[in-house]
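Student: what's the 3D shape of this:
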Amino acid sequence: MAIPKLKKQEIIDALKFIDEQGVPGHNVSMKYILVSEDGKKYPPKYVIAVADHLVNGTDISTESFNSIDAKNYLESQGFTIETKQQEKFKLSITAKSVESTDERFTMDDLNLGDGYKPLDVCFKKANGDVIKRSYNKGERRNSNQTMPRLAFQVFEKQLAALSVEDKENFPICKYTPNSGIIRGIFASVDEFKKHRNTIEYLTYSYDNGRQFVIYCWNVFSTVIFVQECLKRFGEPGDQFILTYREKDEKETATAETEAAVQEELVQQFKGYRNPFSSMLIESKNLIFRGAPGTGKSYLAKEIAADIISNGYEDNYSCLTDEQKKQVEFVQFHPSYDYSDFVEGLRPKVNDDGTMGFELQDGIFKKFIARARKNYEDSQKSRETVEKEGTVQESMTEFFSDIEFGIDTFKTINGNEFTITGVDDGHINISIPGNATVNKLALNLDEVRKMLESGQKFEKIKDVTIFFGKTFATQGYSYDFAIYKAIINKKITTSKKRAKQEELKKYIFIIDEINRGEISKIFGELFFAIDPGYRGKAGEISTQYSNLHSDPDEKFYIPENVYIIGTMNDIDRSVDSFDFAMRRRFRFVELRADEQLEMLASLDNEELEAEAIKRMAALNKEIADIEDLNENYQIGAAYFLKLKTLDFDQLWSDYLQPLLQEYIQGMYDEEGIMNRFAKAYGYQKPVRGDMNEAVQDQG
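Tutor: Next comes the predicted model:
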């Protein structure tokens, strides 16, 4: 059923009804909120359901339409809708109780777990000690198996000591009071499937190949199992604590196709999912170094997503478009320079067709401008934010009402001019009567600051004093004229209750940081990026500051900016990496076998296991070569190519050429390559096989 047709006043009446009656717990919105002009917040779906009830006498129900439809409809009616950051909930399980900070949780309906995603789990002893999951190399993370696996880890010996009968009768799950209880800890998948033929299970390996196999589906499906473990084996006061969140719409939409994929999340550090996230927050600047293919770039983006989403998401592609503006990615190379990174003069075609140059910001400076604006705006009071909002509304209405190039304005001296255009930073004007300079780009921010100040400017001298100058610039005459025009125009602005800016974190990723000439790229920014000189304590003048609209403007990197670099240890440029930069970054080595979980994206457990086996054998052989070391080992990222290649193609097209480059000039190159091929599991096809392959292609 579609959204019912409602008038704006009918929706306002619904808001009044909700003010009096409140919102039932199950109707609280987790995704969107309607914010009224007086700052009150309402769940959009429930607002529409109430309005429909008041107008048409229907039951108050939100089942017939989704949250996105409600959001879009209310926005079309002129209401303000904000997207909420999903809450994190905590489920505490003791031998006697199960409680959640989510008021919707109930033991009478564990099916609710289908809509939630685990974030972290720990076992907290009565004495305060905390035990986390001990992950095996290559073990999948991010799954509904997180909590039961930890229970197996904590109580492994006690569970193993149970009799076969006790194991088979061990309670696991009871979804509703009317459903049957699911029981059984089994010694193999085959044994499990004799009792319950389904893929909804987890396997836990222990004691050199033995297994526990139990039923497991959603995040709540093993709550009873975990509680039973506490009842039988725990001490009074012991508890399991599960941190989880509601799945977002993307996750919910793909839940059915990904039902068999069991992901388990990296343990949380200070609220973040990735342990390196906290390391970056503490250090400000971090460089991942290691062998090629160890997943350094992949990890950098994962950390960025983790931090930007406040531990909510570790997949960069799942960030919103707005969140992605908090992350920037660049790759250095030998020809990269200061003008690309910070600022420089760039060619420009003038209006008359001639060529010229203009100063343009580089990628890093543009990124810092976004972060700095957020940082500075977050420090402003609500009153200041409201005033700035009113000024912005006035300026927008003023410029939208004038006809560019037609409407004329006069300076205090009687010089006529027209406004020809407005962009993010400038007001472009044409001055027909000025033979010397007939075009000018005014600083938009100067006019904005004059309006926001609340001061009354009566003459040019007032503007000069306001900006702290001894002499007026040519632009001040036109700034003053535009300021007067906006003040004198009767603009009706709405008085909305402003929302203070939330302080956000911004992550700048530099891939292959060692491949650029660092001193040429960063210039005077060596000082500003130092973690000890973030903020105005590290203010500097850039090389082109004399060309800025305000030559006295200083550049600084705010506290909310974090930098991640990546570099390959075997790259020849490592040796020349600037020592001044080395002491400004924290260096973290990534070994070839430390990012094996990325192979989970192969979506094939057998393929993943075979890849890990071959990689380990090959890397052992590489390390045994006298003139090589761990820096030359092959990382897991190479094996992601198995999505489109087979193992032999991966060897012949990627690994073999790389390894030949490594050992070029060594004694017995052919013998070494044969050792590598044997360790990897590659068998060179005999000539007859090759001829047959050619004939087949023909």
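Student: Test my guess that residue 56 contacts residue 5.
Tutor: No. Contact criterion CB atoms under 8 Å: residue 56 and residue 5 do not qualify, at 9.9 Å. (C-beta placed from N, C-alpha, C; glycine too.)
Student: residue ranges with poor pLDDT in the chain?
Tutor: The chain contains residues with pLDDT under 70 at 1-2, 25-26, 29-30, 84-86, 136-142, 248-271, 351-352, 490-498, 570-580, 686-698.
Student: Nearest residue to the middle of it?
Tutor: Residue closest to the mean C-alpha point of the chain, counted by CA atoms, centre = their mean, is residue 305 at 2.2 Å.
Student: residue boundaries of the strands in the stretch 1-150 of the chain?
Tutor: Along the stretch 1-150 of the chain, the stretches classed as strands by DSSP state E, counting those that start in this stretch are 32-35, 41-42, 80-83, 88-93, 98-100, 116-124, 130-131.
Student: who does the last one touch, helix- and strand-wise?
Tutor: Meaning strand 130-131. strand 116-124, helix 146-154 (3 or more CB pairs under 8 Å, 6 or more residues apart in numbering; DSSP states H and E).
Student: Buried deepest among the strands of the stretch 1-150 of the chain, which one?
Tutor: Mean neighbour count (mean count of other CB atoms under 10 Å) peaks for strand 116-124 among those, with a mean of 22.
Student: Neighbouring strands - and their directions - for that one?
Tutor: strand 130-131 (antiparallel), strand 239-246 (antiparallel) (DSSP bridges).
Student: Other residues contacting the shortest one?
Tutor: By CB atoms under 8 Å, 6 or more residues apart in numbering, the list of residues contacting strand 130-131 from outside reads 122-125, 150, 153-154.
Student: let's see 7 Å
Tutor: Here strand 130-131 makes contact (CB atoms under 7 Å, 6 or more residues apart in numbering) with 122-124, 154.
Student: in the stretch 401-550 of the chain, which spans are helices?
Tutor: In the stretch 401-550 of the chain, the helices defined using DSSP state H, counting those that start in this stretch lie at 444-453, 460-466, 474-488, 518-522, 525-528.
Student: Would you mind saying which of those lies nearest residue 17?
Tutor: Among those, the nearest to residue 17 by CB to CB is helix 444-453 (38.8 Å).
Student: Next, the buried residues of that closest one.
Tutor: Across helix 444-453, burial judged by 16 or more other CB atoms under 10 Å covers 444, 446-448, 450-451.
Student: can you redo these as TSV with distance to residue 613?
Tutor: Below are the buried residues of helix 444-453 laid out as TSV (distance: CB to CB, whole Å):
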residue	distance to residue 613
444	62
446	66
447	67
448	63
450	70
451	68
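Student: quick check, nearest of these to residue 599?
Tutor: Using CB to CB, residue 444 comes nearest to residue 599 of the buried residues of helix 444-453, at 51.0 Å.
Student: Check the contact between the closest one and residue 425; I expect there is one.
Tutor: Yes. Using CB atoms under 7 Å, residue 444 is in contact with residue 425, at 5.6 Å.
Student: circling back to that earlier point, return the closest of the contacts of strand 130-131 with respect to residue 637.
Tutor: For the contacts of strand 130-131, the nearest to residue 637 is residue 122 (30.7 Å; CB to CB).
Student: Contact partners for the closest one?
Tutor: Neighbouring residues of residue 122 by CB under 7 Å, 6+ apart: 130-132, 241.
Student: from the residues you listed, which is closest to residue 637?
Tutor: Nearest member of these to residue 637, counting by CB to CB, is residue 132, at 26.8 Å.
Student: How much space separates that closest one from residue 150?
Tutor: Residue 132 sits 7 Å away from residue 150, taking CB to CB, to the nearest Å as the criterion.
Student: So for these two, which residue has more residues nearby?
Tutor: residue 150 (22 against 13; other CB atoms under 10 Å).
Student: so which strand or helix has residue 356?
Tutor: Taking DSSP states H and E as the criterion, residue 356 maps to strand 355-361.
Student: List the buried residues for that strand?
Tutor: Applying 16+ other CB under 10 Å to strand 355-361 flags 359, 361 as buried.
Student: what's the helix or strand following that strand packed up against?
Tutor: Downstream of strand 355-361, the first helix or strand assigned by DSSP H and E is helix 363-378. If contacts are counted by 3 or more CB pairs under 7 Å, 6 or more residues apart in numbering; DSSP states H and E, helix 363-378 sits against strand 327-331, helix 338-341, strand 506-511.
Student: quick one on the thing from earlier: what about the residue nearest to the centre of the chain, distance to residue 165?
Tutor: Using CB to CB, residue 305 is found at 47 Å from residue 165.
Student: One more: residue 102?
Tutor: 37 Å.
Student: quick one: which of those two has more around it?
Tutor: residue 102 (20 against 8).
Student: For the nearest residue to that one once chain neighbours are set aside, give its distance to residue 115.
Tutor: The spatially closest residue to residue 102, leaving aside those adjacent along the chain, is residue 89, at 4.1 Å (CB to CB, 6 or more residues apart in numbering). Separation of residue 89 from residue 115 (CB to CB) stands at 11 Å.
Student: got the buried residues for stretch 377-387?
Tutor: Neighbour counts over stretch 377-387 (16+ other CB under 10 Å) mark 385-387 as buried.
Student: so which of the helices and strands packed on helix 363-378 is the most packed in?
Tutor: The highest mean neighbour count among those, using mean count of other CB under 10 Å, belongs to strand 506-511: a mean of 23.
Student: Check which helices and strands that strand is in contact with.
Tutor: Contact analysis of strand 506-511 by 3+ CB pairs under 7 Å, 6+ apart lists helix 296-308, strand 327-331, helix 363-378, strand 561-568 as its packing neighbours.
Student: got these as a markdown table, with distance to residue 210 columns?
Tutor: Compiled in a markdown table, the helices and strands packed on strand 506-511 are given as follows (distance: least, CB to CB, whole Å):
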| stretch | distance to residue 210 |
| --- | --- |
| helix 296-308 | 33 |
| strand 327-331 | 45 |
| helix 363-378 | 52 |
| strand 561-568 | 41 |
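Student: Output the helices and strands packed on strand 130-131 as CSV; include the columns distance to residue 517.
Tutor: Shown next, in CSV, are the helices and strands packed on strand 130-131 (distance: least, CB to CB, whole Å):
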stretch, distance to residue 517
strand 116-124, 42
helix 146-154, 46
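Student: Let me know whether residue 463 touches residue 453 as I believe.
Tutor: No. In this structure, residue 463 is not within contact of residue 453 by CB under 7 Å, at 10.6 Å.
Student: Now for the residue nearest to residue 279 when sequence neighbours are not counted, which secondary structure element holds it?
Tutor: Sequence neighbours aside, residue 286 is the residue nearest to residue 279 in space, at 6.4 Å (criterion: CB to CB, 6+ apart). In this structure, residue 286 sits in strand 285-290 according to DSSP H and E.
Student: What strands flank that strand, and is each parallel or antiparallel?
Tutor: strand 561-568 (parallel), strand 586-590 (parallel).
Student: How about exporting the longest one as CSV, limited to the C-alpha atoms?
Tutor: As requested, the backbone C-alpha atoms of strand 561-568 are provided in CSV (Å, rounded to 0.1, in the frame of the first residue of the first chain):
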residue,chain,number,x,y,z
VAL,A,561,42.7,14.8,10.5
TYR,A,562,44.5,11.4,10.4
ILE,A,563,47.0,10.2,7.8
ILE,A,564,47.7,6.7,6.6
GLY,A,565,50.6,5.8,4.3
THR,A,566,51.5,2.5,2.7
MET,A,567,54.9,1.4,1.4
ASN,A,568,56.5,-1.8,0.1
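Student: Would you pull up how far that strand lies from the middle of the chain?
Tutor: Averaging C-alpha positions (CA atoms, centre = their mean, to the nearest Å) puts strand 561-568 16 Å from its chain's average.
Student: what comes into contact with it?
Tutor: Residues contacting strand 561-568 (CB under 7 Å, 6+ apart): 280-281, 284-289, 292, 296-297, 300, 303, 368, 371, 505-514, 529, 574, 585.
Student: Please look at residue 330 and residue 367 and confirm they touch.
Tutor: No. Using CB under 7 Å, residue 330 is not in contact with residue 367; the gap is 9.0 Å.
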